[in-house]
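Enquirer: requesting a structural model of the entry that follows:
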Amino acid sequence: MSEEFGPDFITVTDEDGNEFELEHLDTLEYKGNIYMAFFPAVEGEENENGEFIDVDPDDEEYGMVIMKVIEENGEELFSTLDSEEEEQEVYEQFMERLFADEE
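Expert: Okay, here's the model as predicted:
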């Protein structure tokens with residue numbers, strides 16, 4: 001994915017109608033499925049002095065989000081992964097790609 005024009009952002013709506021903005025990190029095909037990795041798009045918070053405070057990247061709320069692309073009625077939709085095993089396997093694939101790019 002080219003970063004020439006900056007990162008890609010999408011807005012998704014969960015089952016309860018809550019909207020979330022996500023930054024697209026990478027897309028991969030694994031075992032015949034398409035997976036996309038995202039980070040929640042969050043801005044730093046301001047303290048009482050008006051200075052921005054960085055968000056804690058280790059906070060579980062701001063961790064990587066992995067979704068599977070499924071087709072339903074001819075439309076591509078995002079879905080959660082089917083199992084913790086699938087989630088772990090796909091996460092490892094994304095991490096291998098990430099670290100391979102760094103080398």
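Enquirer: any idea which residue sits dead centre in the protein?
Expert: Centroid-nearest residue in the chain: F38, 1.3 Å away (criterion: CA atoms, centre = their mean).
Enquirer: OK, contacts around F20?
Expert: Neighbouring residues of F20 by CB atoms under 8 Å, 6 or more residues apart in numbering: T11, V12, T13, D14, P40. Placement of C-beta: from N, CA and C, glycine included.
Enquirer: equivalent analysis for E87, please.
Expert: Taking CB under 8 Å, 6+ apart, we find E87 in contact with I66, L81.
Enquirer: could you export stretch 22-40 as PDB, CA atoms only?
Expert: Taking Å, rounded to 0.1, in the frame of the first residue of the first chain, the C-alpha atoms of stretch 22-40 are listed here in PDB:
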ATOM      1  CA  LEU A  22     -10.100   2.900  11.600                       C
ATOM      2  CA  GLU A  23      -6.700   3.400   9.900                       C
ATOM      3  CA  HIS A  24      -6.000   0.700   7.300                       C
ATOM      4  CA  LEU A  25      -2.600  -0.900   7.900                       C
ATOM      5  CA  ASP A  26      -2.400  -3.900   5.500                       C
ATOM      6  CA  THR A  27      -4.400  -6.500   3.600                       C
ATOM      7  CA  LEU A  28      -3.500 -10.100   3.100                       C
ATOM      8  CA  GLU A  29      -4.900 -13.200   1.600                       C
ATOM      9  CA  TYR A  30      -4.500 -16.300   3.800                       C
ATOM     10  CA  LYS A  31      -6.100 -19.700   3.300                       C
ATOM     11  CA  GLY A  32      -8.400 -18.400   0.600                       C
ATOM     12  CA  ASN A  33      -9.800 -15.500   2.700                       C
ATOM     13  CA  ILE A  34      -9.000 -11.800   2.600                       C
ATOM     14  CA  TYR A  35      -8.100 -10.100   5.900                       C
ATOM     15  CA  MET A  36      -7.500  -6.500   6.700                       C
ATOM     16  CA  ALA A  37      -5.600  -5.000   9.600                       C
ATOM     17  CA  PHE A  38      -6.500  -1.700  11.200                       C
ATOM     18  CA  PHE A  39      -5.700   0.500  14.100                       C
ATOM     19  CA  PRO A  40      -8.300   2.700  15.700                       C
END
